[in-house]
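A.B. asks: need a 3D model of the sequence below.
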Amino acid sequence: METKKSPKADLEKQKGLFFELGLFVTLSIVLIAFEWTTSKSFMAEEYVIEDHAIEEEIIPITRQKQNPPDKPPEPPQVTEILKIIDDDIEIENELILEDYEIDQDTEIELIEFEIKEEEEEQESNLPHYCS
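C.D. replies: Prediction:
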């Protein structure tokens, strides 16, 4: 497709100039807006209302008497009777703790436990919705 626009009418060359011109116009509008001052109108001075002092009622401060808080009753004193027991009893079965070192080659014995029949019967006596 051929372009029908002549290079003389192309405005892309002046794109930077238009951008700078736009910035200049907006900046000048902002500066003028900040510097704008208004003068007092003469109509406002004629209708000025004088301020009259309004009397305010002074309400006296009232305070309620505060009764001292009631002391809670003292808890009854509990005396403990200590029984002194002779500590001369010798223990025959003492727990002996040995230091064991376990590595990967150590075998551990598994102990199997048997379930007593009484426990199974107790479980069977439960209602069906509990299990």
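A.B. asks: for the rest of this, base every contact and every neighbour count on C-alpha atoms.
C.D. replies: OK.
A.B. asks: what's the longest helix in the chain?
C.D. replies: Determined from DSSP state H, the single longest helix within the chain is helix 15-35.
A.B. asks: got the CA positions of it in PDB?
C.D. replies: Provided in PDB are the C-alpha atoms of helix 15-35 (Å, rounded to 0.1, in the frame of the first residue of the first chain):
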ATOM      1  CA  LYS A  15       6.800  15.500  18.000                       C
ATOM      2  CA  GLY A  16       9.300  16.700  20.600                       C
ATOM      3  CA  LEU A  17       8.500  20.300  20.000                       C
ATOM      4  CA  PHE A  18       4.700  19.700  20.600                       C
ATOM      5  CA  PHE A  19       5.500  17.800  23.800                       C
ATOM      6  CA  GLU A  20       7.600  20.700  25.100                       C
ATOM      7  CA  LEU A  21       5.000  23.200  24.100                       C
ATOM      8  CA  GLY A  22       2.300  21.200  26.000                       C
ATOM      9  CA  LEU A  23       4.500  21.000  29.200                       C
ATOM     10  CA  PHE A  24       5.100  24.800  29.000                       C
ATOM     11  CA  VAL A  25       1.300  25.600  28.700                       C
ATOM     12  CA  THR A  26       0.300  23.300  31.600                       C
ATOM     13  CA  LEU A  27       3.100  24.600  33.900                       C
ATOM     14  CA  SER A  28       2.200  28.200  33.200                       C
ATOM     15  CA  ILE A  29      -1.500  27.400  34.000                       C
ATOM     16  CA  VAL A  30      -0.600  25.800  37.300                       C
ATOM     17  CA  LEU A  31       1.700  28.700  38.300                       C
ATOM     18  CA  ILE A  32      -1.100  31.300  37.400                       C
ATOM     19  CA  ALA A  33      -3.600  29.300  39.500                       C
ATOM     20  CA  PHE A  34      -1.300  29.300  42.500                       C
ATOM     21  CA  GLU A  35      -0.600  33.000  42.200                       C
END
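A.B. asks: pLDDT on it, on average?
C.D. replies: Averaging pLDDT along helix 15-35 yields 96.
A.B. asks: mind listing the helices for the chain?
C.D. replies: 15-35, 42-46, 117-124.
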